[in-house]
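Peer 1: from the sequence below, what's the structure:
(one chain, ligands or ions: 2)
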Amino acid sequence: MSRKQKLIIDCDTGSDDAVALMTAVLSDRFDILAVTTTHGNLPVKYTTENTLRVLELLGRQDIPVYPGCNEGMVKLLTPGRMVNPKIKAISKVIDGKEVAFHDRYLDLPEAVTKPQAEHACSFLLRTLRETKEKIILAAFGPMTNIGMALRMDPSIAQNIEGIVVMGGGVHEANKSMAAESNFFNDPEAAKIVLECGAPVVVIPLDATNDVALSREDIAKIASSGTTAATFAAGLVLHALEAAELLGFSDNGKNGLHDPLTICFLLEPTVITDLRHCACDIDLGGGRADGQLLCDMRPGEKPTLPTYVAMRGDKDKYLSLLTHTLAKGR
Ligand code: BDR
Ligand code: CA
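Peer 2: Numbering: from 1, shown residues only. Ligands and ions are numbered 1, 2, ... in the order given. Below is the predicted model of the structure:
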């Protein structure tokens, strides 16, 4: 049997983050060294607690959780920077009830396990300096922790096998009219990661919305009846209902973003259009702040190993999720 690939997950759990975490753990294909938590969907206090709850649900309290940064590297310090774009609300009170994509706490028992005392950035720095084997990073929140570690010691990139990132949009956006939420919340960190020199695969909204899931798909995920499948399907359905109530979806489907990173690691052919191209991030502070820029002009030769996923195979994605989440109790 081939050796398990060493993996560190950096996330802002978060409902789709929770499904991605469960998929990574249950796949049994990774040696998950740690989960580092970041701001984004919620402040770090909640994303850390939610991460611990998910790991406990799967009986994987042995995976250490390192709390990370609670805001972007410099974004909030920059005068005149757009920090509150005109967006559709991601939560709203409808008929006296709050409807939100990401409830503050996942509906799971309070975690008994404590997070690690060491900060996520120092954990990343220490581990990536000391490792004898290259490590894969999967990042599905604002990449402040990884960006900071790379800033402290850029040479750690040599020990990164690859970074698979959910973020950005080539033709799509959600947080502002130009930017996706993870990249919007820490554009400098996204730029540092894209330019670190290690192979980076960006899974943007273009790919995740291409494999958006319907109610029928969600029922398929739930069909095994395992604890993970039932919990995951509930989260995905809740997100679809919230998307509809908040006016983000009118076609009966919703993009399940973060798990596509893990499914790509499990089965790269789940991405059907992966382009090697130069990437950049708008740091101008104006209306395009945090926008992912991809140079797809014919004849342009990228100098860095940055790849952008444009399309996916929905049936393969659904099948990977369904089979993996069917494992366990
Ligand atoms: C990304 O932002 C978060 O809300 C999700 O968890 C996902 O990582 C989608 O734009
Ligand atoms: Ca996320």
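Peer 1: got a list of what Leu7 touches?
Peer 2: Ala24, Phe30, Asp31, Ile32, Leu33, Ile135, Ile136, Leu137, Ala138, Leu265 (CB atoms under 8 Å, 6 or more residues apart in numbering). No exception for glycine: its C-beta is placed from N, CA and C like everyone else's.
Peer 1: starting at the chain centroid, how far to the host helix or strand of it?
Peer 2: For Leu7, the enclosing helix or strand under DSSP states H and E is strand 5-11. Here strand 5-11 is found 11 Å from its chain centre; the criterion is CA atoms, centre = their mean, to the nearest Å.
Peer 1: can I get it in PDB? Just the C-alpha atoms.
Peer 2: Taking C-alpha atoms only, strand 5-11 is exported to PDB below (Å, rounded to 0.1, in the frame of the first residue of the first chain):
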ATOM      1  CA  GLN A   5       0.500  11.800   2.000                       C
ATOM      2  CA  LYS A   6       1.300  14.300   4.800                       C
ATOM      3  CA  LEU A   7      -1.300  17.000   4.800                       C
ATOM      4  CA  ILE A   8      -2.000  20.200   6.800                       C
ATOM      5  CA  ILE A   9      -5.400  21.800   6.500                       C
ATOM      6  CA  ASP A  10      -5.900  25.500   7.000                       C
ATOM      7  CA  CYS A  11      -9.600  26.500   7.200                       C
END
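Peer 1: need the residues that contact the helix or strand bottoming out on mean pLDDT in the chain.
Peer 2: The helix or strand of the chain with the lowest confidence, counting by mean pLDDT, DSSP states H and E, is strand 91-94 at a mean of 76. Outside of strand 91-94, the residues that reach it under the criterion CB under 8 Å, 6+ apart are Glu98, Val99, Ala100, Phe101, Leu245, Leu246.
Peer 1: what is the closest residue to the first one other than its chain neighbours paired to in the beta sheet?
Peer 2: Beyond its immediate neighbours in the sequence, the residue positioned closest to Glu98 (CB to CB, 6 or more residues apart in numbering) is Ser91, lying 5.9 Å away. On DSSP bridges, the residues paired with Ser91 through beta bridges are Ala100.
Peer 1: distance check, Ser91 against Ala100.
Peer 2: When distance is defined by CB to CB, to the nearest Å, Ser91 is 4 Å away from Ala100.
Peer 1: compare those two (neighbour count), which wins?
Peer 2: Neighbour comparison, Ser91 and Ala100: the larger count goes to Ala100, with 19 against 14 (by other CB atoms under 10 Å).
Peer 1: wouldn't that one be in contact with Ala243 here?
Peer 2: No. The criterion here is CB atoms under 8 Å, and Ala100 misses it with Ala243 at 11.1 Å.
Peer 1: spell out which parts of the chain neighbour ligand 2.
Peer 2: For the chain, the residues in contact with ligand 2 (CB under 5 Å from the ion) are Asp12, Gly14, Asp17, Phe140, Gly141, Asp258.
Peer 1: the same query, at a cut-off of 6 Å, please.
Peer 2: Taking CB under 6 Å from the ion as the contact definition, the chain meets ligand 2 at Cys11, Asp12, Gly14, Asp16, Asp17, Gly40, Asn41, Phe140, Gly141, Asp258.
Peer 1: pick the one among these closest to His238.
Peer 2: Nearest to His238, judged by CB to CB, of the residues of the chain next to ligand 2 is Asp16 at 10.7 Å.
Peer 1: verify the stated contact: the closest one with Asn254.
Peer 2: No. Between Asp16 and Asn254 there is no contact under CB under 8 Å: 9.5 Å.
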